[in-house]
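Asker: Mind folding the following:
(one chain, ligands or ions: 3)
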Amino acid sequence: MTALRIVLGDQLTRNVAALRGLAPGDTVLMMEVVEEATYVRHHKQKLVFIFSAMRHFAEDLRRDGVAVDYVRLDDPANTGSFTGEVQRAIARHKPSRIVVTAPGEWRVAEMMKGWNAEILEDDRFFATPAAFAAWARGRKQLRMEFFYRDMRRLSGLLMDGEEPAGGQWNFDHDNRKSLPKGERPPERRRFTPDAVTREVIDMVAHRFPAHFGDLEPFGWAVTRAEALEALDHFISDCLPNFGDYQDAMSQGNAFLYHSVISPYLNIGLLTPAEICARAEEAWRGGKAPLNAVEGFIRQILGWREYVRGLYWLKMPAYAETNALEACRPLPAFYWTGETEMNCLAQAIGDTKRHAYAHHIQRLMVTGNFALLAGLAPKEVEAWYLLVYADAFEWVELPNTHGMALFADGGIMASKPYAASGAYIDRMSDYCSGCRYRPDVKLGPKACPFNYLYWDFLIRNEAKLKANPRMAMPYRTLAKMDPARKADITCEAKSFLDAL
Ligand code: FAD
Ligand code: DLZ
Ligand code: SF4
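Answerer: Numbers count the residues shown, from 1 in each chain. Ligands and ions are numbered 1, 2, ... in the order given. Okay, here's the model as predicted:
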């Protein structure tokens with residue numbers, strides 16, 4: 001019995017399900033295909049990151065004596081699709097069985113149905129889709145906080161017996177600080193491209209010149225050893241401050257105290273279990289405070305698992321909802337970063353330079369603008385799916401569709417994450433470099449987030465007013481002078497029409 005064992009570009013983990021039980025005579029199939037590189041026009045660094053990590057992973061397997069059939073993008077016989085390459089590999093190897101780990105995306109799961117393969121559970125996560133579905137069954141609301149508590153109990157992470165460490169499940173109230181003037185977050189570890197990565201950089205420059213983003217400088221880790229080095233650096237130098245400045249934004253400081261490990265986690269160079277264990281160890285060893293470590297573990301054990309569960313529970317219908325009937329096209333500045341709104345220019349600039357922006361930039365700057373301006377969910381989702389090195393639909397879609405755009409009508413978030421300029425001013429230093437002013441509500445100097453916020457509430461009153469968590473802003477709106485309301489609508493309209 002010889003097996004063809006398929007490893008996809010986001011399954012680069014040595015003990016991923018499809019590689020378990022590898023026997024002499026088995027072949028591992030890895031394939032670079034143009035369909036995956038272009039179903040959205042991924043950021044150039046994301047392409048280099050994935051192709052280079054795939055090539056390094058294949059080399060690692062070969063060094064250990066594993067037979068790897070690696071199809072390169074520039075192979076003249078490459079059919080350009082997973083299904084085409086699986087068929088060609090079957091003709092080459094005539095395997096008696098085909099084994100693959102379940103994919104991260106619905107789109108690919110549909111393709112796999114035609115491969116006649118044994119599809120194994122991807123058990124690199126804490127919760128299986130079936131376990132999440134069991135948790136969700138019979139619940140009126142699927143709130144992350146309750147799922148997270150169950151995951152703490154099940155995993156034993158940050159537990160003292162039956163009780164949460166420190167006597168509380170969540171320390172978020174300690175985690176809302178802006179970055180003090182003069183505070184300098186540590187330089188991040190960057191990795192000089194080796195010959196393999198350089199070859200991929202040349203290939204991407206040549207094959208995908210019109211894709212979004214700066215190709216170089218390229219500094220992402222592309223091997224497990226490098227990813228572990230990046231993790232070590234985060235745990236020792238950044239984790240202690242992670243909690244305090246988790247929501248802060250700062251011009252010229254793209255990474256702050258964030259871990260910047262999501263790309264490594266999402267393609268399998270690091271595993272969620274090892275990362276959470278390292279963070280807990282830092283707290284138990286007195287190297288990082290509990291508010292930081294709990295906040296960090298909640299992102300991985302809570303949010304990451306929760307969005308994956310939701311994705312597999314609700315797809316494919318989830319992607320089709322548009323609860324706020326938003327339909328405005330994505331403005332050109334999402335591609336260029338050229339806008340006078342400094343917060344957007346900075347968040348998009350970081351995204352172009354690094355294929356990275358941190359959570360609050362994604363949610364409260366580019367996401368908040370998309371929500372308030374009523375941008376079409378499909379266009380916004382395609383943008384988020386291609387611009388970030390960590391973007392795969394299972395994690396991108398719930399975050400964009402549900403959390404940022406409220407397009408699911410409140411399955412994921414109990415209310416829209418809508419905010420005026422005051423929030424961005426409080427959490428960042430962007431406004432001091434902006435031509436608009438966050439404290440001005442109307443007129444040419446007014447921060448557009450201010451009138452867009454109220455215009456959003458006015459436009460969506462019928463859909464949102466009954467939401468108890470929206471009661472306060474709607475009470476304020478009810479007391480607003482009708483002439484002022486009309487001015488807001490008028491200014492928002494001319495701003496949006498000019499986009
Ligand atoms: P840290 O802030 O250091 O957090 C640690 C880890 O927690 C992350 O590496 C990530 O694995 C996990 N995490 C944190 N927040 C979330 C979340 N909301 N959902 C899932 N995991 C989370 N994350 C992706 O991995 N891929 C995406 O495509 C993606 N798209 C997003 C789109 C929008 C609109 C928003 C608001 C968020 C999105 N996120 C996505 C979640 C989050 O922004 C990123 O995981 C985070 O910014 C990655 O940076 P980091 O590794 O420095 O994270
Ligand atoms: C994102 C991506 C890209 C750009 N290219 C490839 C590829 O050529 N070969 C491959 O195996 N995987 C690639 N990936 C990752 C896949 O898109 C990912 O495995 C699916 O989206 C399933 O999650
Ligand atoms: Fe952004 Fe408004 Fe601040 Fe300008 S004033 S940076 S547009 S929040």
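
Asker: can we go C-alpha only for contacts and neighbour counts from here?
Answerer: Fine.

Asker: pLDDT score assigned to Asp172?
Answerer: At Asp172, the model reports a pLDDT of 86.

Asker: and it, what does it touch?
Answerer: Listed by CA atoms under 8 Å, 6 or more residues apart in numbering, the contact set of Asp172 reads Gly243, Asn291, Gly295.

Asker: What strand or helix carries Glu199?
Answerer: Element membership for Glu199 (DSSP states H and E) is helix 195-207.

Asker: Return the residues of this structure in contact with ligand 1.
Answerer: 258-262, 296, 299-300, 303-304, 358-359, 362-363, 367, 384-385, 390-392, 395-396, 399-400, 404 (CA under 6 Å from any ligand atom).

Asker: And the next helix or strand past the helix or strand where Thr476 lies?
Answerer: Using DSSP H and E, Thr476 falls within helix 471-479. Downstream of helix 471-479, the next assigned helix or strand under DSSP H and E is helix 482-497.

Asker: just how off-centre is that next one within its chain?
Answerer: Offset of helix 482-497 from its chain centre (CA atoms, centre = their mean, to the nearest Å): 34 Å.

Asker: for it, which positions count as buried?
Answerer: Buried residues in helix 482-497, counted by 16 or more other CA atoms under 10 Å: Lys485, Ile488, Thr489, Glu491, Ala492.

Asker: What of stretch 301-320?
Answerer: Those would be 301-313, 318-319, for stretch 301-320 by 16+ other CA under 10 Å.

Asker: farthest-separated two in those residues?
Answerer: Comparing every pair within those by CA to CA identifies Leu301 and Ala319 as the most remote, at 23.8 Å.

Asker: Report the spatially nearest residue to Trp145, omitting neighbours in sequence.
Answerer: If you look again at residue 145, you'll see it is Glu, not Trp. Among residues not flanking Glu145 along the chain, Gly302 sits closest, at 7.4 Å (CA to CA, 6 or more residues apart in numbering).

Asker: Hmm, Tyr148 and that neighbour touching each other?
Answerer: Yes - counting by CA atoms under 8 Å, Gly302 touches Tyr148, with 4.5 Å between them.

Asker: Which residue lies closest in space to the residue in the stretch 251-400 of the chain that ligand 2 sits nearest to, excluding its sequence neighbours?
Answerer: Of all residues in the stretch 251-400 of the chain, Phe392 sits closest to ligand 2, at 6.0 Å by CA to the nearest ligand atom. Once flanking residues are discounted, Phe392 sits nearest to Leu385: 6.4 Å by CA to CA, 6+ apart.

Asker: how about that neighbour, what does it touch?
Answerer: Per CA under 8 Å, 6+ apart, neighbours of Leu385: Val40, His42, Ala391, Phe392, Glu393, Glu396, Leu397.

Asker: I'd like these as JSON lines, with distance to Glu118 appended.
Answerer: Shown next, in JSON lines, are those (distance: CA to CA, whole Å):
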{"residue": "Val40", "distance to Glu118": "28"}
{"residue": "His42", "distance to Glu118": "29"}
{"residue": "Ala391", "distance to Glu118": "26"}
{"residue": "Phe392", "distance to Glu118": "23"}
{"residue": "Glu393", "distance to Glu118": "23"}
{"residue": "Glu396", "distance to Glu118": "27"}
{"residue": "Leu397", "distance to Glu118": "27"}
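
Asker: buried subset of these?
Answerer: The neighbour count (16+ other CA under 10 Å) marks His42, Ala391, Phe392, Glu393, Glu396, Leu397 as buried among the contacts of Leu385.

Asker: Just give the nearest non-adjacent residue to the last one, would you?
Answerer: Read that as Leu397. Spatial nearest neighbour of Leu397, excluding adjacent residues (CA to CA, 6+ apart): Glu381 at 6.6 Å.

Asker: To which secondary structure element is that neighbour assigned?
Answerer: helix 377-387.

Asker: next helix or strand past that helix?
Answerer: helix 393-397.

Asker: Extract the CA atoms of that following helix and return them as CSV.
Answerer: Extracted C-alpha coordinates of helix 393-397, given in CSV (Å, rounded to 0.1, in the frame of the first residue of the first chain):
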residue,chain,number,x,y,z
GLU,A,393,-10.6,32.7,4.6
TRP,A,394,-11.4,30.7,7.8
VAL,A,395,-10.0,33.4,10.0
GLU,A,396,-10.3,36.5,7.7
LEU,A,397,-14.0,36.1,6.9
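
Asker: The helix or strand just after that helix and ligand 3 in contact?
Answerer: If you walk from helix 393-397 toward the C-terminus, the next helix or strand you reach (DSSP H and E) is helix 421-427. Yes - judged by CA under 6 Å from any ligand atom, helix 421-427 and ligand 3 are in contact via Gly421, Ile424, Asp425.

Asker: quick one: contacts of helix 421-427?
Answerer: Helix 421-427 is contacted by residues 177-179, 247-249, 343, 364-365, 430-431, 438-439, 447-450 when judged by CA under 8 Å, 6+ apart.

Asker: repeat that for 10 Å
Answerer: Applying CA atoms under 10 Å, 6 or more residues apart in numbering, the set of residues contacting helix 421-427 from outside is 176-179, 245-250, 343, 360-361, 364-365, 430-432, 436-441, 446-453.

Asker: Could you do stretch 485-494 as well?
Answerer: With CA under 10 Å, 6+ apart as the test, stretch 485-494 has contacts from 372-373, 441-444, 446, 448-456, 458-459, 477-478, 482-484, 495-498.

Asker: redo that, cut-off 7 Å
Answerer: Stretch 485-494 is contacted by residues Tyr451, Leu452, Asp455 when judged by CA atoms under 7 Å, 6 or more residues apart in numbering.

Asker: most surrounded residue in those?
Answerer: Among the contacts of stretch 485-494, the one with the most neighbours (other CA atoms under 10 Å) is Leu452, at 28 neighbours.

Asker: tell me the secondary structure for Arg55?
Answerer: helix (DSSP: H, G, I helix; E, B strand; the rest coil).

Asker: Local confidence estimate at the residue lying closest to it once chain neighbours are set aside?
Answerer: Distance criterion CA to CA, 6+ apart; nearest residue to Arg55, sequence neighbours excluded, is Val196 at 7.5 Å. We have a pLDDT of 98 for Val196.

Asker: Report how many residues lie close to Leu142.
Answerer: Close neighbours of Leu142, defined as other CA under 10 Å, add up to 19.

Asker: tell me the contacts of it?
Answerer: Ala136, Ile411, Met412.

Asker: and the gap between it and Ala347?
Answerer: Per CA to CA, to the nearest Å, Leu142 is found 30 Å from Ala347.

Asker: With Ala326 instead?
Answerer: According to CA to CA, Ala326 stands 22 Å off from Ala347.

Asker: And for Leu371?
Answerer: Distance from Leu371 to Ala347, by CA to CA: 16 Å.

Asker: ok, now Arg107?
Answerer: Distance from Arg107 to Ala347, by CA to CA: 29 Å.

Asker: who has more neighbours, these two?
Answerer: Between Arg107 and Ala347, counted using other CA under 10 Å, the more crowded position is Ala347 (26 against 11).

Asker: That one: what's it in contact with?
Answerer: Ala347 sits next to Ala357, Gln361 when contact means CA under 7 Å, 6+ apart.

Asker: what does Gly80 give?
Answerer: Val33, Val34, Glu35.
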